[in-house]
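Engineer: I need the structure of the sequence given here:
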Amino acid sequence: MNTSTASLRSMLGLEFEPVAISFNDEAAETSFDAPMSDPTEDGRSGRVPASCVFWMYGHQETFTTAPGDHGNCSVGEYTHGLVEAGDILERHDIGTLLDTGWVTMEAFGGVAALNRRPQSITYGPLSEATDTPDVVLLRLTPKQMMQLGDAVSVEFSGKPQCQILARAANDGVIAASMGCALSRARTGMGDDELTCAVPGNRVSEVIEGLNSVCTADVAVVGYAVADKARF
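Structural biologist: I've put the predicted structure just below:
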């Protein structure tokens, strides 16, 4: 996977390392060392504010999480396949999202969730992955998203942002998101960033497509700059 990481980073000019995410059938002890939060009145607790926050740490090091580590954000628990919708609808965080109109019950019914129940989830830099991950997460600028969209077919989804993992893992699609206010507030993602989830077995396809796109873009930019100089 080291070659894949180098290719993606060099062709797209990525600031952040691609994150390899694997949904494991085997249980494992937590290797993420943040403490569990005190439980809320509705029983929510976790090692980070939301599952998407694990993505941010996954740029830097490889670690494995247990299902309970994800328990503070009901939305992330659901999209990562750790709970059923019926388990979370009465929780305070879901009630807040519905009461504010951030999401409707009808829209929530269409949110993608992983179609299996992982017993543990591993996150880490793609360069450290020893096996093909289920999903590779990319943090992209609009320009980088433009190039990726030219290279391969990309499907965009609405909020919540974290459902792109399920769409990529379940259906094998390359799924992108504009992000969502909930995730941006919790992760600190920049206003100029988007995310894209690539099925692990399609990374080589992405690299192949980007190779021709980026080469063509360099040629077109050279032409456009020279043409612009006439004005």
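Engineer: measure residue 74 to residue 54 for me?
Structural biologist: Distance, residue 74 to residue 54, by CB to CB, to the nearest Å: 15 Å. Bear in mind the C-beta positions are built from the backbone N, C-alpha and C, glycine included.
Engineer: got the residue ranges for the helices in this protein?
Structural biologist: In the chain, the helices defined using DSSP state H lie at 2-12, 51-58, 74-79, 85-88, 92-99, 105-108, 142-151, 163-171, 181-187, 203-228.
Engineer: Out of the ones you listed, which one sits most buried?
Structural biologist: Mean neighbour count (mean count of other CB atoms under 10 Å) peaks for helix 74-79 among the helices of the chain, with a mean of 26.
Engineer: quick one, what contacts the one residue sitting closest to the centre of the chain?
Structural biologist: By CA atoms, centre = their mean, the mean C-alpha position of the chain lies nearest to residue 137, the distance being 4.6 Å. The neighbours of residue 137, taking CB atoms under 8 Å, 6 or more residues apart in numbering as the test, are 18, 19, 21, 55, 58, 165, 195, 196, 197, 198.
Engineer: Now rank those by neighbours and give me the top one.
Structural biologist: In terms of neighbours by other CB atoms under 10 Å, the contacts of residue 137 top out with residue 165 at 29 neighbours.
Engineer: Give me the helix or strand of this structure that scores worst on average pLDDT.
Structural biologist: helix 2-12 (a mean of 88; mean pLDDT, DSSP states H and E).
Engineer: how about stretch 107-115: buried residues?
Structural biologist: 108, 111, 112, 113, 114 (16 or more other CB atoms under 10 Å).
Engineer: Just the closest of those to residue 90, please.
Structural biologist: Nearest to residue 90 out of those is residue 108 (CB to CB; 13.3 Å).
Engineer: Pull the contacting residues for that closest one.
Structural biologist: Residues near residue 108 by CB under 8 Å, 6+ apart: 85, 94, 97, 98.
Engineer: closest to residue 12 among the residues you listed?
Structural biologist: Nearest to residue 12 out of the contacts of residue 108 is residue 97 (CB to CB; 32.5 Å).
Engineer: isn't that closest one right next to residue 180, touching?
Structural biologist: No - Residue 97 is not in contact with residue 180 according to CB atoms under 8 Å; the separation is 10.3 Å.
Engineer: Redo the helices of the chain as a markdown table? Include distance to residue 123.
Structural biologist: Listed next are the helices of the chain as a markdown table, based on distance: least, CB to CB, whole Å:
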| stretch | distance to residue 123 |
| --- | --- |
| helix 2-12 | 15 |
| helix 51-58 | 3 |
| helix 74-79 | 13 |
| helix 85-88 | 22 |
| helix 92-99 | 22 |
| helix 105-108 | 25 |
| helix 142-151 | 21 |
| helix 163-171 | 11 |
| helix 181-187 | 13 |
| helix 203-228 | 16 |
